[in-house]
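[1] I'd like to go over a predicted model; first the sequence, then the structure.
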Amino acid sequence: MISLVFSAHLVTTGLGPLFDGIGHAVVTPQDLLPVIAIALLAGLGGKAYARKVLFILPAAWLVGGLLGMTLMWSAPLGTTALSFLILGGLVVADRPVSEKTGMALAVALGLLHGQMSGVEMQAAGIGLVGILGTVGTLFALVSLVTGLVVSLERPWTRIAVRVAGSWIVAVGLLYLGWTFGTRG
């Protein structure tokens, strides 16, 4: 292993690798919050954008997970916090993002965070089955969040979505401080 972004401590459910992957997706804020942010952004972008992100993000996550398991290399420090800041900031801004940019963000998030998950899952010995559990959970999560946001009709509800994005940015800033503050 070259470097890990953070100490990998995979929570085991005792129910096997599939459920460990599912659990990882829902209890790891480093993965959960950027996924929620991109789902919020996709929902704000409309049905077509949301549908594309729904399929592209899990597919990219799977590819990233396989790369992580194979290469056992993880992204540099601060990468996770950067994804919080960028995606959360785009939700806060509530400005239309081109479809190409949106898809590129989904692919980048999936590859990057999938790769980090792949390293963790390989190190924990749950491998591909764990990645599949995470990918399935992400599909369901993105489906629910984008569906909720797309269905919002009242103008004030967009503000609520933007506030959620601001909380993701705030967590990203805290995470960035924690990442670099504990290193030296």
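    All right, it came through fine. Numbers count the residues shown, from 1 in each chain.
[2] Count the residues that sit near residue 180.
    Other residues within reach of residue 180, judged by other Cβ atoms under 10 Å, total 12. (Glycine included, C-beta is placed from N, CA and C.)
[3] ok, it touching residue 78?
    Yes: assessed by Cβ atoms under 8 Å, residue 180 is found in contact with residue 78 at 6.8 Å.
[4] middle-most residue in this protein, spatially?
    residue 35 (3.2 Å; Cα atoms, centre = their mean).
[5] Relative to residue 163, how far out is residue 126?
    For residue 126, the distance to residue 163 equals 36 Å [Cβ to Cβ, to the nearest Å].
[6] Who has more neighbours out of the two?
    The neighbour count for residue 126 versus residue 163, taken as other Cβ under 10 Å, is higher for residue 126 (22 against 11).
[7] rewinding a little: what's the helix or strand for the residue nearest to the centre of the chain?
    Assessed by DSSP states H and E, residue 35 sits inside helix 29-45.
[8] by contact count, what packs against that helix?
    Judged by 3 or more Cβ pairs under 8 Å, 6 or more residues apart in numbering; DSSP states H and E, helix 29-45 is in contact with helix 17-27, helix 47-71, helix 79-93, helix 99-124, helix 127-151, helix 155-181.
[9] Tell me the buried residues in the fourth one?
    By neighbour count, with 16 or more other Cβ atoms under 10 Å as the criterion, the buried positions of helix 99-124 are 102-103, 105-124.
[10] The first one too?
    For helix 17-27, the neighbour count (16+ other Cβ under 10 Å) marks 17-25 as buried.
[11] The helix or strand of the chain with the lowest mean pLDDT vs helix 99-124, what angle?
    Here the helix or strand of the chain ranked lowest by mean pLDDT, DSSP states H and E is helix 17-27, holding a mean of 74. Using axes from the mean of the first three to the mean of the last three Cα atoms, to 10 degrees, the direction of helix 17-27 lies 130 degrees away from that of helix 99-124.
[12] Give me the angle between helix 17-27 and helix 29-45.
    Inter-element angle recorded for helix 17-27 and helix 29-45: 70 degrees (by the same axes, to 10 degrees).
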